[in-house]
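Participant: Here you go, sequence then predicted model.
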Amino acid sequence: MTSKLPKATASDGKPTKKKGHKRHFSNYLLNKELQLRYIGFVTVLSIIITGSLGYLIWRHEDRASQLNVEQFDAWEKSIKGTDKRAEEERNEVRQLRTLAISGNEGRDRELILTMFGVGIGLIIVLSLYLLIMTHKVAGPLYKITMYFDKMRDGRLGDTWPLRKGDMLRDFYANFKEMHDAVRKRQQEDNAAVARFLEACEAAGVSREGELGHQLDELETYQKSREEALG
């Protein structure tokens, strides 16, 4: 009969939950100079495009409002006579003109706010999208840079595949092939040195004198290379 293991509990007796890894905004900025340069360029370009389109739409609406007011002015001038009836008609036209101007101003304000909100939203969406896309490029470059640093220090460990969705896969595949080939060659050379030391040990070569000192250094080097190669 099998027994179930008890769940981990906190000090108050309630089961504890594992906390997942939280990704912060800084995790997406692996190469700030590269990523922020493109994000800044797209942001400025978005401001110019949305600002230009917004201005053209506003000018069109403003011209339409002016034509509307001009029509009311023409309507008022078309009313002839100086009697009470004509004056009442002019007052009605003036009231309609005032309402039209007020409505046009309100519509213009609403249009400006809408264009401003759409522009800000577009900039945010494009910036976040570009941040993610540049992260998919900067990620492989960042990983390759770390491998280059390790190779500079003489460390040639295993290389790991890219994350799902990363770009530059062909470039990374070529780099990985080169890295693995260099690592394999180093492993073969190190194995040959190990066999040489074993042969010297089997032949009873003395570790005294200059030859022994050189063999000790070679053995130390061979062990260090073995650790560096993983």
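Facilitator: The structure has been received and is ready for your questions.

Participant: how much space is there between the residue nearest to the spatial centre of the chain and residue 44?
Facilitator: Nearest residue to the geometric centre of the chain (Cα atoms, centre = their mean): residue 131, 2.2 Å. From residue 131 across to residue 44, the span is 15 Å (Cβ to Cβ, to the nearest Å). Just so you know, the C-beta spots here come from the backbone N, C-alpha and C atoms, and that holds for glycine as well.

Participant: How are the helices of the chain distributed by residue range?
Facilitator: Using DSSP state H, the helices found in the chain span residues 32-78, 84-152, 169-202, 209-229.

Participant: wait, which of the ones you listed is closest to residue 163?
Facilitator: helix 84-152 (6.5 Å; Cβ to Cβ).

Participant: between that closest one and helix 209-229, how big is the angle?
Facilitator: Here helix 84-152 points in a direction 150 degrees away from that of helix 209-229 (axes from the mean of the first three to the mean of the last three Cα atoms, to 10 degrees).

Participant: Make JSON lines out of the helices of the chain and add mean pLDDT and distance to residue 158.
Facilitator: Output for those, formatted as JSON lines (pLDDT from 0 to 100; distance: least, Cβ to Cβ, whole Å):
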{"stretch": "helix 32-78", "mean pLDDT": "79", "distance to residue 158": "27"}
{"stretch": "helix 84-152", "mean pLDDT": "81", "distance to residue 158": "10"}
{"stretch": "helix 169-202", "mean pLDDT": "88", "distance to residue 158": "8"}
{"stretch": "helix 209-229", "mean pLDDT": "83", "distance to residue 158": "10"}
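
Participant: Turn these into a markdown table, including distance to residue 163.
Facilitator: Formatted as a markdown table, these follow (distance: least, Cβ to Cβ, whole Å):
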| stretch | distance to residue 163 |
| --- | --- |
| helix 32-78 | 16 |
| helix 84-152 | 7 |
| helix 169-202 | 11 |
| helix 209-229 | 25 |
